[in-house]
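Asks: Have a look at this prediction, sequence included:
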Amino acid sequence: MLKAKIAVLVSGGGTNLQALIDAVNNNKIKHGEIAVVISNNADAFALTRAYNSNIPREVVLKAKFPEPEAFENEIKRILNEYSVDLIVLAGFMHILSKNFTSCYPKRIINVHPSLIPAFCGKGYYGLKVHEAALKYGVKVTGATVHFVNEVPDGGEIILQKAVNICRSDTPESLQQRVMRVAEWKLLPKAVEMVSADIVKGKGE
Ligand code: GAR
């Protein structure tokens, strides 16, 4: 069966990447395969996860490509090299330019650790999202998987899942629960949905 070729872009621990690897291995993702993992951080543990699963790894450093356009062009070059159909941002800590996102309409998806439109956009990433949710005092947060366009966290929503906040939560405990209860389930599900659409569009 024809499969969508997926690039997963990462910067850190890669637990969402691991959820995708596991979903491919246990056939929850049937219509896609991870062709390459691209990191903008040479020390990202996500790279070790890719290595352990025999997935090709590429590192693109801002230090080597200080101009934003050159940095994104290098990512594009790698995506072409691996004939990538779908780009998944899984904890990728870089806001892609309009120049980049407009090349891949409905072909880039992102996982964000809140219920968009709350606690999202520029400056809201990683632990900062959970700190903001706790500071505001919301009782429910969650995760969102959405298509990526030129507006940070502003593209069409694909899936969302709510997570209750406990009185004793710290940003760290909330981050862990949002990942376990929501992100690691939603992201593979959304990747399978979009991959199936891509494969259908290719006529298989
Ligand atoms: C995840 O919680 C992801 O939603 C978040 O960073 C974490 C990465 O963890 N992404 C953002 O905040 C993007 N705005 P991981 O490296 O273990 O998957």
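Replies: Yes, it's here.
Asks: going forward, measure contacts between C-alpha atoms and count neighbours the same way
Replies: OK.
Asks: where do the strands sit along this structure?
Replies: 4-10, 32-39, 57-59, 86-89, 108-112, 140-147, 157-164 (DSSP state E).
Asks: between those, which one is nearest to the ligand?
Replies: Relative to the ligand, the nearest member of those by C-alpha to the nearest ligand atom is strand 108-112, separated by 4.1 Å.
Asks: Just confirm yes or no for that closest one near the ligand.
Replies: Yes. Applying C-alpha under 6 Å from any ligand atom, one finds that strand 108-112 is in contact with the ligand at 111-112.
Asks: Now that strand: buried residues?
Replies: 108-112 (16 or more other C-alpha atoms under 10 Å).
Asks: Could you list every helix and strand that the lengthiest helix in the chain packs against?
Replies: Longest helix in the chain, counting residues (DSSP state H): helix 184-201. For helix 184-201, the elements it packs on are strand 4-10, helix 15-25, strand 32-39, strand 140-147, strand 157-164, judged by 3 or more C-alpha pairs under 8 Å, 6 or more residues apart in numbering; DSSP states H and E.
Asks: which of these sits most buried?
Replies: strand 4-10 (a mean of 25; mean count of other C-alpha atoms under 10 Å).
Asks: got the angle for it vs helix 184-201?
Replies: Angle, strand 4-10 to helix 184-201, by axes from the mean of the first three to the mean of the last three C-alpha atoms, to 10 degrees: 140 degrees.
Asks: ok now strand 4-10, how far from the chain's centre?
Replies: Between the centre of strand 4-10 and the centre of its chain there are 9 Å (C-alpha atoms, centre = their mean, to the nearest Å).
Asks: Also stretch 101-117?
Replies: 8 Å.
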